[in-house]
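1. Attaching a predicted model along with its sequence, questions to come.
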Amino acid sequence: MRRVTKLAAAVTATAALALTATACGESSTESGGKKNKGVGLAFDVGGRDDHSFNEAAARGTDKAEKELGVKTKEMTAGNNETEETREQRLTSLAKAGYNPVIGVGFNYGKSVNKVAKDFPDTTFGVVDEQSHAKNVVGMTFAENEASYLVGVAAAKKTKTDKVSFIGGVDNALIQKFEAGYVKGVKDTDPKIKVEVDYLYKESDKGFNDPARAKNMAKGMLSRGNDVIYTAAGQSGAGSIEEISKKKGAWAIGVDSDQYRQKGLGKYKDAILTSSVKNVDVAVFELIKSVKDGKPLTGNQTFSLKEKGVSVATSGGFIDDIQDDIDKATEKITSGEVKVPTRP
């Protein structure tokens with residue numbers, strides 16, 4: 001309970017801070033008998049500038065650099081990597097003296113839990129997966145709940161009664177986004193049609209293939225869909241770009257407040273809202289716990305109730321339906337509405 005309360009407080013504080021990528025100082029925490037070199041951050045495909053969950057994690061380390069004086073070593077995954085490659089990346093960070101070592105994305109689930117056992121004095125973290133080792137912190141989020149809320153927004157804003165969802169990879173994690181979104185749309189207006197498609201069945205290229213997302217969005221727009229929610233990491237940039245060309249169409253962003261992403265600035269007037277995962281806050285809290293000598297452990301789930309997920313209001317495009325969003329939020333947090341995790 002203590003950790004959840006800290007997260008809620010940190011979310012509020014984070015929203016008011018200007019984030020920076022400037023490294024300064026170095027952690028003085030001791031680990032394994034040698035000076036801690038700082039944070040080891042292993043990105044998933046797409047890397048720091050994916051405008052999505054990787055970038056959200058980077059905001060957490062940027063804040064730690066500014067406020068805690070730690071340094072960060074960043075490494076990025078390639079497409080269709082083997083477990084061995086991920087294990088080598090994590091091992092290299094731990095051997096070099098970085099603590100904590102954080103894997104961003106479900107692809108690191110197995111490798112983080114395996115490598116952590118070889119470095120019992122190092123704290124490991126993994127985003128979007130569970131902990132199965134004593135020194136691993138699993139950071140998972142209620143993506144389905146935030147997706148439900150943007151589904152409500154889509155249902156309220158569509159003029160054609162046709163909306164759609166693009167997933168990066170057809171797996172259990174991205175299905176949470178789909179399930180919540182479809183439920184939110186249908187609970188708001190059962191008559192609205194929801195088209196669902198995935199960029200790839202299994203390949204993690206689905207998270208960094210903007211061209212394919214762009215083409216898929218183009219097809220959906222041609223079939224009359226005027227609100228498109230894309231949960232596909234860096235691929236979403238292609239979808240948003242295509243949607244911005246269609247007058248009256250709306251894109252819904254994911255993981256970060258994509259209206260505020262500099263790399264998407266030219267398309268921001270087409271971004272209705274975003275379902276936000278506060279990965280930055282979770283990452284920062286983990287780093288701070290290690291810095292303070294009281295490392296977090298076990299699994300932490302960040303839901304709508306604890307402000308671990310949210311809906312972006314930048315641009316003011318959902319101001320007129322905020323009451324609907326608030327009512328839906330209350331129904332979820334009170335338990336009146338149960339949001340599914342599978343389609």
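-> Alright, I've got the coordinates.
2. Quick check: beta-bridge partners of residue 275?
-> Here residue 275 shows beta-bridge partners residue 254, residue 311, assigned using DSSP bridges.
3. where does it land on pLDDT?
-> For residue 275, the pLDDT comes out at 97.
4. how much space between it and residue 38?
-> 31 Å (CB to CB, to the nearest Å). Backbone N, C-alpha and C define where each C-beta goes, glycine included.
5. higher neighbour count, the two?
-> residue 275 (32 against 27; other CB atoms under 10 Å).
6. Contact partners for that one?
-> 143, 146-147, 149-150, 177, 229, 231, 252-255, 309, 311-312 (CB atoms under 8 Å, 6 or more residues apart in numbering).
7. Next one: it from residue 211, what distance?
-> 23 Å.
8. what mean pLDDT does the strand or helix carrying residue 75 have?
-> Per DSSP states H and E: residue 75 is located in strand 72-76. Averaged across strand 72-76, pLDDT comes to 97.
9. Next, find the distance separating the closest residue to residue 51 other than its chain neighbours from residue 62.
-> Distances taken as CB to CB, 6 or more residues apart in numbering place residue 261 nearest to residue 51, at 4.6 Å, with adjacent residues excluded. According to CB to CB, residue 261 and residue 62 sit 14 Å apart.
10. how about the spatially closest residue to residue 266 that is not a sequence neighbour, what does it touch?
-> Once flanking residues are discounted, residue 266 sits nearest to residue 244: 7.7 Å by CB to CB, 6+ apart. Counting by CB under 8 Å, 6+ apart, residue 244 touches 251, 266-267, 269-270.
11. Pull out the buried members of those residues.
-> 251, 267, 270 (16 or more other CB atoms under 10 Å).
12. which one of the residues you listed sits closest to residue 194?
-> Distance to residue 194 across the buried ones among the contacts of residue 244 (CB to CB) is lowest for residue 251, with 15.6 Å.
13. And the helix or strand harbouring the closest one, what does it pack against?
-> Assessed by DSSP H and E, residue 251 sits inside strand 250-255. Strand 250-255 is packed against helix 53-68, helix 143-157, strand 227-231, helix 236-244, strand 271-277, with contacts defined by 3 or more CB pairs under 8 Å, 6 or more residues apart in numbering; DSSP states H and E.
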